[in-house]
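Undergrad: the sequence and its predicted three-dimensional model are supplied below.
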Amino acid sequence: MAGAKELFDRIRSRRTQLGLALRVTVAATAAYAIATALHLLLPLWAVLTSLIVTQMSVGRSLKATRDYMLGTIGGAIYGGAIAITIPYSSEAGLLGLLVLAVAPLAFIASIYPTLSTATVTAVIVLLVPTMHHADPLASAIDRVSEVSVGAITGLLVSFLLLPSRAVRQIRASAAKLLELIAEAFAELLAGLTRGRDNDALHRIQDGIGTAMVGMNAIGAEAERERSARLSSGPDTGPLLRTILRLRHDVVMIGRATVVPLPVEVQVRLAGPLAEVSAAFLRFLKSAAEALREGAGAPPIHPVHIALQHYSEAVAAVRQDGLIRGHASDTAERFFALGFSLEQMHQNLCDLDRVVGEWSEAADDKPGRVAE
């Protein structure tokens with residue numbers, strides 16, 4: 001029984017990937033059936049196009065379809081125009097046309113990667129007539145028709161069959177980032193009294209960088225869905241900016257905690273720092289869970305209290321002159337840590353507000369567009 005439950009949980013955790021696999025399969029099969037029914041010359045291109053435009057989220061599918069169609073139409077027009085206006089009667093002539101078709105389009109694709117399909121399309125429009133004894137205009141029309149069938153089929157399947165919204169994906173991505181930031185923050189503060197595990201810290205920081213790139217990409221897809229009115233999720237901008245600022249806070253704290261505090265300062269601040277670490281860590285992880293589940297924002301009051309206690313302890317350390325007599329860089333790091341923690345406190349307040357907005361969106365009336 002436990003084994004079956006574990007298997008079910010694993011399958012459930014991969015439901016987004018399983019949904020994509022099902023959509024891709026249905027899109028490819030439907031594209032081939034439609035292309036065959038329409039007697040298109042090369043149903044293969046309809047199938048391949050459907051595979052390309054059926055993406056993880058609806059927003060990404062929209063972008064892939066737009067880019068692929070623009071490149072295909074542009075390449076078909078350019079390749080067909082060259083083949084029609086510059087007739088050839090030998091292999092050398094065809095080779096010259098091929099150079100004329102590929103060189104400028106490859107240059108354009110190097111500047112605008114979204115138009116990379118244009119080069120492939122122009123080559124197909126030029127070469128297919130030599131294989132099937134067709135005219136270039138018919139070749140261009142066939143190519144656009146094949147790609148259109150595949151693109152429309154893939155897009156419709158993405159909309160209708162287990163659609164995966166980028167808004168839902170960005171919740172999971174943002175939650176993962178908050179958990180990584182929490183781990184990095186706890187490791188940095190612990191390093192003030194026991195020294196840092198730099199290998200663990202580098203591993204966490206690398207994970208944060210990779211996750212940031214992925215979240216920004218998903219954010220763009222979510223905004224594309226909102227612009228097309230395919231999703232009613234909140235604006236992703238505030239969430240992305242808040243998490244980016246929290247990432248910067250961790251970087252600043254990292255610079256302020258390169259070496260442990262002086263021993264006498266450690267003794268005085270160990271308790272307040274532990275309280276700050278626990279409160280910040282708990283809030284970040286609770287916020288991550290709230291984003292995943294669409295639940296309400298976690299209580300932020302413990303964060304206020306912990307930072308107040310730390311500020312009082314810092315004031316006592318300064319009043320007792322425990323920083324005097326130490327190197328200037330030690331004092332700089334001491335004050336930089338306090339500033340960075342206060343800055344992070346402000347950004348956690350912003351996170352509290354943003355998580356609340358996303359929770360309210362999750363609680364919208366049933367009639368809204370599904371995520």
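TA: Arrived safely. Because the structure is a prediction, the values reported are computed rather than measured.
Undergrad: what sits against residue 358?
TA: 171, 233-234, 239, 291, 294 (CB atoms under 8 Å, 6 or more residues apart in numbering). C-beta: built from backbone N, CA, C; applies to glycine.
Undergrad: can you rerun that using 7 Å?
TA: By CB atoms under 7 Å, 6 or more residues apart in numbering, the contact set of residue 358 is 234, 239, 291.
Undergrad: now do the SS call for the first one.
TA: Pointing back at residue 234 there. coil (DSSP: H, G, I helix; E, B strand; the rest coil).
Undergrad: number of residues surrounding it?
TA: 19 (other CB atoms under 10 Å).
Undergrad: could you report the separation of it from residue 298?
TA: Residue 234 is 18 Å from residue 298, where distance means CB to CB, to the nearest Å.
Undergrad: swap in the last one?
TA: With distances defined as CB to CB, the gap from residue 291 to residue 298 amounts to 10 Å.
Undergrad: how about residue 331?
TA: Counting by CB to CB, the gap from residue 331 to residue 298 is 35 Å.
Undergrad: so those two - more neighbours on which side?
TA: For residue 331 versus residue 298, neighbours defined as other CB under 10 Å are more numerous around residue 298 (21 against 14).
Undergrad: can you pull the contacts of the more buried one?
TA: 283, 286-287, 290.
Undergrad: and for residue 117?
TA: By CB under 7 Å, 6+ apart, the neighbours of residue 117 are 68, 71-72, 75.
Undergrad: low-confidence bits of this structure, can you list those?
TA: By pLDDT under 70, the weakly predicted segments of the chain are 1-5, 7-9, 11-13, 132-133, 194-198, 200-201, 360-371.
Undergrad: what helices and strands are in contact with the helix or strand hosting residue 178?
TA: Using DSSP states H and E, residue 178 sits within helix 166-194. Judged by 3 or more CB pairs under 7 Å, 6 or more residues apart in numbering; DSSP states H and E, the packing partners of helix 166-194 are helix 198-227, helix 237-256, helix 263-293.
Undergrad: can you rerun that using 10 Å?
TA: Of the remaining helices and strands, those touching helix 166-194 by 3 or more CB pairs under 10 Å, 6 or more residues apart in numbering; DSSP states H and E are helix 15-37, helix 58-85, helix 198-227, helix 237-256, helix 263-293, helix 328-362.
Undergrad: off-centre distance for that helix?
TA: 16 Å (CA atoms, centre = their mean, to the nearest Å).
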